[in-house]
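Undergrad: missing the sequence, but the structure's below:
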Ligand SMILES: Cc1ncc(C[n+]2csc(CCOP(=O)(O)OP(=O)(O)O)c2C)c(N)n1
Ligand SMILES: Cc1ncc(C[n+]2csc(CCOP(=O)(O)OP(=O)(O)O)c2C)c(N)n1
Ligand SMILES: [Mg+2]
Ligand SMILES: [Mg+2]
């Protein structure tokens, strides 16, 4: 199945990079709905630091694509004001590690205003953030950030594990009537995969995707870990272990049902996460299965980051971010 | 044991309110170390919105107790600069819900600078925040916030479950050479309990406290939930159920060992948390026990907040924040 | 800009009296245990809200704060919905979800009143952008306090508002204090400069107005509104005023120098407007009449049912 | 303030040449695959750092940013430790933990250089407070870019710095761009006003200086330092400069108008200082000599061992 994410596309699909899938999602969403507009640093005239907005300023103009000052909290708050008054803004946070500068707007304002108003208002804002390690960027520019908002109920949270995921999740987020944070992974930007575009290709909110069907072990992963889990699955297939890989896709709503169904079938569960375990979605899934008394043949295993900060030094970064080999080893351990 | 937190003190102890314990901790820490200083809104001349600094400005002067502007991110960053240069600042965040305005300083700067410097610098900053519901303050002033920093490795996190805890944890945090966030609970401010003060009464970093020993069920709780768990334990004692209540006290380091030891003994585990389950410390504990294959007689149960935001309307707030009765019911359910 | 007619001025006077009575009533029912939580009252600040809101069109959006009772009432919120909200009832303007600190009516253009200091300033800027991008004759009116001018959101929002010519008007109700701290102890400014001076950092228009004089406030807001709608950018207005009560319910205001409150009360906004429009003799009559409305509305509100958790669940997410 | 001696000026020239050569070397070894991650180079900005740091005492603290190579070298960081850090080696100034964006030496008073825009401004303010509270003849020198002047941390910190008379000097290296956006497109200011004008919002002293002229920069920083130490408050200095390279390694700088780079290169800081001190004829000789130092240091650095995960673990928490 790693072929699925890398090589020739099935009928009707084009093969594009993950970052191009993001760009196409933005383009198609803007074409489909003229209330959609983009705000972010260097995204207009220069096409974005990760080239995820190339051409959109020329195509849609200065009233729909804004180069902002470096003021993340401010422009996410501005997005809220736009959303309350009928627009559908998408803000770009260049690196997940810059999300904390905008926490008040994203975690405390966006998800709570509708509720406090007793349902009078709504806030269809999409916040995009690129995160993740592997680029040797060091401690303040390598976090995925994916679980940072889990405790802030009221936000939906999506994580893109493939070009199709990046496209479908982003389009779903933009069309959604509530605030959504969509994470992508920097190290996947140039990775190619098949993509089918279209207004009917929005991901279903809160639905995990089975990236590879398998009978023996369930591996649940997000972002780059989806790819690494698929790699591990390929390697394990030759050892006779048939791995099911679930691209969790949404952290809220968290699709515990799909995971539980799969784990009930395979009897074995491995979490692959590019984050610390405590406070993350992986721990939440394991805890929910445990409290639901989900029957497993062996205890679940989490492949997470060790509790150290990320250095830009390559051997250290490589040792911290779960590799396909570490995931495979975890799978083997639950099969023993 | 609820007597322990309410009535006459054992030998050597005074009986004080929880907020007075906080004030005494600040006072004693400032007396013990002249590099300790306080920063916060309205804490100097006016003695603090929760009266946790009454008298300290008069006693220690304008160079050690600062009334700040409303600029939490700024003054937490200032605290970092003071700490890097030899002082031990304590910042007060009036309500936990204001922490997001200061997330960059607290979550991204304080815990990472030492690491990035390769251990050249250190950042002994204490951030205090008062959180929690029950005051009918509504969605933006009722969060405990306790698990919001779990994913930000590099911070130590403490939660005060009693006056003695408030004192010991705060003093330990101030004396600690790394950044610590100390949470207290607004609804406990006027609650009284015994307190023994002194430079030898610092809590041990990362050590949970057994608030009540018991043989049948382990209940792990934080903040106000400690008190409610003790209440539940009293009620259950008359039903013949002997509950052990653990005041988790630190969320990082998270004392999984103490919980595991207790749960191994009782065979039953209940988490009582005034927060959503996903992404919280309760899920982390359950997940760590599950991955460690800790043997339990029955599946663990989490008593958490339902996934709704907090309204100021009394019946709704009461229905959301776990009550002693809900905790007792959960304990009964694992005993059936 | 045409000057407000005598009838309009008269209606302002009534609104200001109504706000004053309603706030006193809030205090009264608070003491009776009918108000959960705390309240931030605005007695003394009526002119800033009434004058400013008097300059708005029905389409304009309003961004308020936890100290927002006067804005809601000046904008014409139903009195019963107002009291019911503060009491946490299902019949409240926000179905009892918001409470005293979040009492808005979106059908009147009130789009939010966050408890977090400064959080509304970018939001208003965004609403003003919607108006600009759609080319509408419409603004976002943004109220906040003196204390909010020191938080980062103020700076970020004002910069973008000016850069992009957002159709927004910023109004600082400078009531002299944050919670308990005089604004000059927390706000660095050139000697004697007003807070509004900070707009000059962005090349933004700014002005200071007597916040006790509704007509004066109306004038500067009307002017700022016209400028914003014309695409000439926002204005930062500082209305100098005073809150008669403490910051919140538990604050006796002990930090105030003796005599300060009394001096401000001599410049009471109701008295000033009444005098300016020659209606001083009618205030008592107005007060009596409106007192009945207030009492009745509060009584009806107190009968309102509590919301349920299932209702609340539905307010989190839109479909 | 006494003017710097000829010997001192001569040492500045050498430092500037060294920085230029070191930056070119960083680019070279980057191309050889020896530098993990990205780098933010500062060719063209040498005078601002050398002039400013030349005005400091050995006790002063420095707060830099991810574009901080010139500050580190101007402050006298060991060349091998510099290169080794950028290569991620255990022999690096930060044991390989920080990399290009966090290359500091605390023994030289460098206390941080965060990747997060604006994050250092409050921190420097805090360090300046330590100096003030202890009554020390010492300041915190805070470097940041034009883009940082729009984030909330700038506003919050400048307000408190002025309010509390922190012993800090703020220096904007205005290199005309954020990443790819000209500063006037993101920074609202009165027409033609410099960014330093923003200090007036806080009643703070401010000044603009030719950032290509090390002697001019030195003069204003020395003056600001004296003022800060005297308890008369911080100064916001804007040094107008230019980065010859793109924002980071992958940026070709396509957004620059044609001719702009060349125009700035005519005001190259090395050439300007050399001319001012009558040493233009010596630059080639200096360059040749320092090139050897740079090459040797980089070679030695490349031999450095990698750090281990166990070492890294120890850097998270102090005992
Ligand atoms: C970010 C944040 N910090 C602190 C508070 C607590 N707080 C509530 S009101 C207030 C004072 C605000 O002063 P000002 O802006 O002048 O408004 P006023 O209350 O005088 O109307 C403070 C500090 C808050 N709500 N938000
Ligand atoms: C909070 C935050 N947002 C965005 C970025 C990404 N970023 C890195 S450098 C930069 C431009 C900074 O411009 P300026 O302050 O002028 O400094 P310069 O790079 O020109 O030295 C941006 C936007 C960041 N590091 N931090
Ligand atoms: Mg005020
Ligand atoms: Mg710049």
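TA: Sure, I can see it. This one's a predicted model, so the numbers in the text were calculated from it and none came from an experiment. Ligands and ions are numbered 1, 2, ... in the order given.
Undergrad: what sits up against stretch C:285-292?
TA: Contacts of stretch C:285-292 with the rest of the structure, by C-beta atoms under 8 Å, 6 or more residues apart in numbering or on different chains, involve C:13, C:14, C:17, C:18, C:21. C-beta here means a position set from N, CA and C on the backbone, and glycine is covered the same way.
Undergrad: let's see 10 Å
TA: C:10, C:13-22, C:24-25, C:79, C:270, C:274, C:279, C:294 (C-beta atoms under 10 Å, 6 or more residues apart in numbering or on different chains).
Undergrad: Which positions in that stretch come out as buried?
TA: Neighbour counts using 16 or more other C-beta atoms under 10 Å in any protein chain shown place C:286, C:287, C:290, C:291 of stretch C:285-292 among the buried residues.
Undergrad: can you give me the helices for chain C?
TA: With DSSP state H, the ranges of helices along chain C come out as C:6-31, C:46-54, C:69-74, C:79-86, C:120-134, C:152-163, C:214-229, C:260-265, C:269-276, C:283-302, C:309-316.
Undergrad: The third one close to ligand 1?
TA: No. Applying C-beta under 6 Å from any ligand atom, one finds helix C:69-74 separated from ligand 1 by no less than 10.5 Å.
Undergrad: ok, that helix near chain A or not?
TA: No. Between helix C:69-74 and chain A, judged by C-beta under 10 Å from any C-beta of the partner chain, nothing touches; the nearest distance is 12.2 Å.
Undergrad: Just give the number of residues close to the closest residue to residue C:98 other than its chain neighbours.
TA: Nearest non-adjacent residue to residue C:98, counting by C-beta to C-beta, 6 or more residues apart in numbering or on different chains: residue A:116, 4.4 Å away. Counted with other C-beta atoms under 10 Å in any protein chain shown, the burial measure for residue A:116 works out to 30 neighbours.
Undergrad: if I pick residue A:116, what's in contact with it?
TA: Applying C-beta under 10 Å, 6+ apart, one finds that residue A:116 lies in contact with B:138-140, B:309-312, C:94-95, C:97-99, C:101-104, C:112-115, C:315.
Undergrad: Report the entries of those that also contact ligand 4.
TA: When C-beta under 5 Å from the ion is taken as the criterion, no member of the contacts of residue A:116 contacts ligand 4.
Undergrad: Just the buried ones from those residues, in PyMOL syntax?
TA: To isolate the buried ones among those in PyMOL, judged by 16+ other C-beta under 10 Å, type:
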select buried, (chain B and resi 138+139+140+309+310+311+312) or (chain C and resi 94+95+97+98+99+101+102+103+104+112+113+114+115+315)
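Undergrad: in terms of contact, does residue A:253 touch residue A:150 like I think?
TA: No. Counting by C-beta atoms under 10 Å, residue A:253 sits too far from residue A:150 to count as a contact (11.6 Å).
Undergrad: that older thread, if any of the contacts of stretch C:285-292 are buried, put those into a PyMOL selection.
TA: Typed into PyMOL, the next command selects the buried ones out of the contacts of stretch C:285-292 (criterion: 16+ other C-beta under 10 Å):
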select buried, chain C and resi 10+13+14+15+16+17+18+19+20+21+22+25+79+270+274+279+294
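Undergrad: For the residue in chain C that ligand 1 sits nearest to, give the beta-bridge partners.
TA: The nearest approach of chain C to ligand 1 comes at residue C:145, 2.2 Å away (C-beta to the nearest ligand atom). Residue C:145 has the following beta-bridge partners by DSSP bridges: residue C:173.
Undergrad: where's the most centrally placed residue in chain A relative to ligand 1, distance?
TA: Compute the mean C-alpha point of chain A, and by C-alpha atoms, centre = their mean the closest residue is residue A:159, 1.3 Å away. Here residue A:159 is placed at a distance of 30 Å from ligand 1 (C-beta to the nearest ligand atom, to the nearest Å).
Undergrad: what number of residues lie near residue A:216?
TA: Considering only other C-beta under 10 Å, residue A:216 is surrounded by 18 other residues.
Undergrad: My understanding was that it contacts residue A:245; is that so?
TA: No. Between residue A:216 and residue A:245 there is no contact under C-beta under 10 Å: 11.8 Å.
Undergrad: Identify the residues contacting residue C:169.
TA: For residue C:169, counting by C-beta under 10 Å, 6+ apart, the contacting residues are C:52, C:55-56, C:60, C:124, C:128, C:139-143, C:161, C:205, C:220-229, C:234-237.
Undergrad: how about the strands of the stretch 201-336 of chain A, start to end?
TA: If DSSP state E, counting those that start in this stretch is used as the criterion, the strands of the stretch 201-336 of chain A fall at A:209-212, A:217-221, A:243-247, A:250-252, A:269-272, A:301-303.
Undergrad: Let me have the helices of chain C in CSV, extended by mean pLDDT.
TA: Putting the helices of chain C into CSV (pLDDT from 0 to 100) gives the following:
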stretch, mean pLDDT
helix C:6-31, 98
helix C:46-54, 98
helix C:69-74, 98
helix C:79-86, 98
helix C:120-134, 99
helix C:152-163, 98
helix C:214-229, 98
helix C:260-265, 97
helix C:269-276, 98
helix C:283-302, 98
helix C:309-316, 97
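Undergrad: what's the distance between the nearest residue to residue A:320 once chain neighbours are set aside and residue A:132?
TA: Distance criterion C-beta to C-beta, 6+ apart; nearest residue to residue A:320, sequence neighbours excluded, is residue A:305 at 5.3 Å. Between residue A:305 and residue A:132 the computed distance is 11 Å (C-beta to C-beta, to the nearest Å).
Undergrad: before we move on, the earlier item: surely the residue nearest to the centre of chain A is in contact with residue A:165?
TA: Yes. Contact status for residue A:159 versus residue A:165: in contact at 8.0 Å, counting by C-beta under 10 Å.
Undergrad: Give me the common contacts of these two.
TA: With the criterion set as C-beta under 10 Å, 6+ apart, the overlap between the contacts of residue A:159 and residue A:165 is A:182, A:184, A:222, A:223, A:226, A:247, A:249.
Undergrad: for the fifth one, what are its contacts?
TA: By C-beta under 10 Å, 6+ apart, residue A:226 lies in contact with A:5, A:159-162, A:165, A:185, A:188, A:209, A:211-212, A:219-220, A:245-249, A:272.
Undergrad: Residue C:4 and residue C:11 touch, don't they?
TA: Yes. With contacts defined as C-beta under 10 Å, residue C:4 counts as touching residue C:11 at a distance of 9.0 Å.
Undergrad: neighbour count winner among these two?
TA: Neighbours per residue (other C-beta under 10 Å) separate residue C:4 from residue C:11, with residue C:4 holding more: 20 against 14.
Undergrad: okay, residue C:250: pLDDT?
TA: Each residue has a pLDDT score; the one for residue C:250 is 86.
Undergrad: what's the burial count for the residue nearest to it when sequence neighbours are not counted?
TA: Spatial nearest neighbour of residue C:250, chain neighbours left out: residue C:38 (6.9 Å); criterion: C-beta to C-beta, 6+ apart. Residue C:38 is surrounded by 21 other residues when neighbours are defined as other C-beta under 10 Å.
Undergrad: Next: residue C:305.
TA: A count of nearby residues for residue C:305, using other C-beta under 10 Å, gives 10.
Undergrad: Quick one: residues contacting it.
TA: By C-beta under 10 Å, 6+ apart, the neighbours of residue C:305 are C:84, C:89, C:90, C:91, C:96.
Undergrad: could you redo the last one with a cut-off of 6 Å?
TA: Contact analysis of residue C:305 by C-beta atoms under 6 Å, 6 or more residues apart in numbering or on different chains lists residue C:90.
Undergrad: Quickly check the shared contacts of residue A:159 and residue A:165 for the two that are furthest apart.
TA: A:182 and A:226 (15.0 Å; C-beta to C-beta).
Undergrad: No further questions, thank you.
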